[in-house]
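Trainee: Structure for the following, please:
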Amino acid sequence: MGILNEMLGDEDNNSAPYEGEFIAEGKYESLSEEILEGYKIYQKKYVFKSLALKIIIVLFAMASSIMMIMTSKENEIMPVFCLMLCIVIGIWFINQPIMNRKNLKKGLEMLEGTQYKAEFFTDKIIISDISSGEENKDTEKSNDTSVNDPQEENEDQEKDERPPATVIHLDSSIVNLLDKSDMFVLVVNRSYVFIIPKRGFAEEDTEKIKEKLSNIMGVRYKAV
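Mentor: You can find the predicted model right below:
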């Protein structure tokens with residue numbers, strides 16, 4: 001969480017003006033299939049490469065354990081234990097990304113249809129949940145009460161409180177932005193993923209984002 005605290009900030013409606021140059025903003029609805037597609041890109045780019053290296057190490061350790069068993073003059077238990085341990089670790093390595101994807105798929109059911117706003121700046125990207133805000137605006141429009149009760153006002157203020165926005169700072173080497181034809185895949189420390197669909201932006205805005213951030217981020221901005 002230490003890295004996230006450094007890279008991801010919380011912004012509320014009373015925060016100071018942004019210092020970076022504004023590029024573009026877009027609003028979009030969360031779709032499970034779209035997020036899973038973006039997560040698949042992230043896994044291919046980062047998770048599976050790391051998994052392949054781990055499996056090679058496990059196979060090497062297994063081969064060493066087998067050689068120890070074959071060359072052992074006595075019935076030593078240690079090489080057998082090492083072999084079994086390598087098998088368990090290998091299965092765990094393989095199962096981990098599978099379980100992460102399954103857990104993500106389950107969690108997406110609760111987020112389906114949530115409205116988000118993504119703001120791109122030259123130094124940061126801000127992702128906000130705007131669903132509750134829009135619902136509150138609709139409620140206010142349909143409310144014809146002319147007399148305000150203090151208790152009701154406090155309740156309204158509580159309703160207006162939205163989750164703090166997620167701020168991803170782009171000036172760090174652990175932040176990468178993958179540019180796909182229909183989405184941006186934002187990766188922090190190769191562990192945290194944010195899917196931003198391009199359908200929420202005007203075409204000229206996506207071109208502006210590409211032009212600005214590809215120059216600023218360099219090799220960390222990658223077309224996929």
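
Trainee: Let me know the distance separating the closest residue to residue 114 other than its chain neighbours from residue 222.
Mentor: Spatially, and ignoring its direct neighbours in sequence, residue 114 is nearest to residue 30 (4.4 Å; C-beta to C-beta, 6 or more residues apart in numbering). In short, each C-beta sits where N, CA and C put it, glycine included. Relative to residue 222, residue 30 is positioned 24 Å away (C-beta to C-beta, to the nearest Å).

Trainee: Show me where this protein dips below the pLDDT cut-off.
Mentor: For the chain, the stretches with pLDDT under 70 are 1-18, 75, 132-163.

Trainee: now do 90
Mentor: Residue ranges of the chain with pLDDT under 90: 1-20, 45-51, 65-82, 97-98, 100-114, 130-165, 171-172, 190-191, 224.

Trainee: And the residue nearest the centre of it?
Mentor: Nearest to the geometric centre of the chain sits residue 193, at 1.9 Å (C-alpha atoms, centre = their mean).

Trainee: Figure out how far the lengthiest helix in the chain is from the centre of its chain.
Mentor: Ordering each helix of the chain by length in residues (DSSP state H) puts helix 77-111 first. Centroid separation for helix 77-111 versus its chain: 21 Å, with C-alpha atoms, centre = their mean, to the nearest Å.

Trainee: cool, stretch 211-218 as well?
Mentor: The answer for stretch 211-218 is 20 Å, by C-alpha atoms, centre = their mean.

Trainee: now swap in stretch 204-224 and tell me
Mentor: Using C-alpha atoms, centre = their mean, the offset of stretch 204-224 from its chain centre is 18 Å.

Trainee: hey, C-alpha coordinates of it in CSV?
Mentor: Provided in CSV are the C-alpha atoms of stretch 204-224 (Å, rounded to 0.1, in the frame of the first residue of the first chain):
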residue,chain,number,x,y,z
GLU,A,204,-9.8,14.3,-31.5
ASP,A,205,-9.4,14.0,-27.7
THR,A,206,-7.9,10.5,-27.9
GLU,A,207,-5.5,11.7,-30.6
LYS,A,208,-4.6,14.6,-28.3
ILE,A,209,-4.0,12.2,-25.4
LYS,A,210,-1.7,10.1,-27.6
GLU,A,211,0.2,13.1,-28.8
LYS,A,212,0.8,14.6,-25.4
LEU,A,213,1.4,11.6,-23.2
SER,A,214,3.5,9.6,-25.7
ASN,A,215,6.0,12.5,-25.7
ILE,A,216,5.9,12.9,-21.9
MET,A,217,5.9,9.2,-20.9
GLY,A,218,8.2,7.9,-23.7
VAL,A,219,8.6,4.2,-23.7
ARG,A,220,6.1,3.9,-20.9
TYR,A,221,3.4,4.8,-23.4
LYS,A,222,2.9,1.7,-25.5
ALA,A,223,0.6,0.9,-28.4
VAL,A,224,-0.8,-2.7,-28.2
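
Trainee: Which parts of the chain are helices?
Mentor: Per DSSP H, the chain carries helices over the ranges 2-7, 32-42, 48-71, 77-111, 131-141, 150-160, 203-217.

Trainee: Buried deepest among those, which one?
Mentor: Mean neighbour count (mean count of other C-beta atoms under 10 Å) peaks for helix 32-42 among the helices of the chain, with a mean of 17.

Trainee: Quick one: list the elements packing against that one.
Mentor: Contacts defined by 3 or more C-beta pairs under 8 Å, 6 or more residues apart in numbering; DSSP states H and E place helix 32-42 against helix 77-111, strand 175-180, strand 183-188, strand 192-197.

Trainee: Mind checking those for the one nearest to residue 45?
Mentor: Of all the helices and strands packed on helix 32-42, strand 175-180 sits nearest to residue 45, with 6.6 Å by C-beta to C-beta.
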